[in-house]
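> sequence below, structure please.
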Amino acid sequence: MKIAIPVDADGNVDPRWGRARYVAIAETDPLHRLAGFSTHLVRWDELHDAGTHGAHHARIVRFLREQEADAVAAAHLGPGIARSIDKMGLVVLTGAAGDARSLAQAAAPKIAAEIERRAAAGPDGIATRTAQATQASQSEQSANGGFARGSLPIVP
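From the prediction side, this is the model:
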């Protein structure tokens, strides 16, 4: 399973998904152990305002497809990119912070469970979590322990 995480130069979660300079792809094995971790220079911080939002969202979608990502773990996603990622069927976790490697390890079982739940539900029963997550206000996030309503909590 592959998890895309925006990171800074030190390997910590970058809170700016759409303006991240680097994105890490954390790969986990079937036992949810970290099996690989690569950091990609995406330069979204520079490219964000070069063109339309739609063009930037397409750039992000293309990267996620090329990397064969199964999930995105980020502090926050804007509503536009959240819709795009939701249409891809990826699992989204919000409220991400701290060391990206540790985050991937902690999030892997939850992501795997959500993937299994979606597979069992079938194509018509896939839950939409990203749209719900992006609509949650800061006060709702505070009331829910820092996670947007509808998003998957990252840490058990």
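> could you check the pLDDT of A127?
We have a pLDDT of 47 for A127.
> got it, and the one 4 residues further on?
The confidence metric pLDDT takes the value 40 at A131.
> okay, strands next: where are they in this structure?
Here the chain has its strands, by DSSP state E, at 2-7, 22-28, 34-41, 71-74, 91-94.
> next, the angle from the longest one to strand 22-28.
Which is strand 34-41. 170 degrees (axes from the mean of the first three to the mean of the last three CA atoms, to 10 degrees).
> can you mark which positions in stretch 53-67 are buried?
H56, H57, R59, I60, V61, F63, L64, Q67 (16 or more other CB atoms under 10 Å). Yep, even glycine has a C-beta here, placed from its N, CA and C like the rest.
> so who does the closest residue to the fourth one other than its chain neighbours touch?
Yep, that's I60 we're talking about. Closest residue to I60 apart from its sequence neighbours, by CB to CB, 6 or more residues apart in numbering: I81 at 6.1 Å. Contacts for I81 were tallied using CB atoms under 8 Å, 6 or more residues apart in numbering; they are W17, G18, H57, I60.
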